[in-house]
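**Student:** Build me a model from this:
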Amino acid sequence: MKKGFRHDDIEHAMWKLLDARGAEYPAVGHLYIAKPALVDHYHSLDPTNSFNPGFGHTFKLAKWK
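**Tutor:** Below is the predicted model:
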């Protein structure tokens, strides 16, 4: 990135482009809101919520509480 550009602005602009195309981007981490199907998928893979808790604005506490 060029000096003076904010990475957050670039990232949010990219999200608008991705959303317009119907893309899903679970690798973004804690910044996006995961769809219910993806939350269910995370829950099935990690029932104790030990790996990356809080991804996609999910629960941050143990055992998804």
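
**Student:** For the rest of this, base every contact and every neighbour count on C-alpha atoms.
**Tutor:** Will do.

**Student:** which residue packs closest to Gly54, ignoring adjacent ones?
**Tutor:** Lys60 (4.4 Å; Cα to Cα, 6 or more residues apart in numbering).

**Student:** where exactly do the helices run in the protein?
**Tutor:** Secondary structure of the chain (DSSP state H): helices at 7-20, 36-45.

**Student:** what are the C-alpha coordinates of the last one, in CSV please?
**Tutor:** Included here for helix 36-45 are C-alpha records, laid out as CSV according to Å, rounded to 0.1, in the frame of the first residue of the first chain:
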residue,chain,number,x,y,z
PRO,A,36,-25.6,-19.1,10.6
ALA,A,37,-24.6,-22.1,8.5
LEU,A,38,-20.9,-21.2,9.0
VAL,A,39,-21.3,-20.8,12.7
ASP,A,40,-22.9,-24.2,12.8
HIS,A,41,-19.9,-25.5,10.9
TYR,A,42,-17.5,-23.9,13.3
HIS,A,43,-19.4,-25.4,16.2
SER,A,44,-19.3,-28.9,14.7
LEU,A,45,-15.6,-28.7,14.1
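
**Student:** mean confidence score for it?
**Tutor:** Helix 36-45 shows a mean pLDDT of 88.

**Student:** hang on, the earlier thing: can you list the helices of the chain in JSON lines and add mean neighbour count and distance to Gly56?
**Tutor:** Shown next, in JSON lines, are those (neighbours: other Cα atoms under 10 Å; distance: least, Cα to Cα, whole Å):
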{"stretch": "helix 7-20", "mean neighbour count": "12", "distance to Gly56": "14"}
{"stretch": "helix 36-45", "mean neighbour count": "13", "distance to Gly56": "8"}
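
**Student:** Gly56 and His7, how far apart?
**Tutor:** Gly56 sits at a distance of 19 Å from His7 (criterion: Cα to Cα, to the nearest Å).

**Student:** And for Tyr42?
**Tutor:** Using Cα to Cα, we find Tyr42 at a distance of 27 Å from His7.
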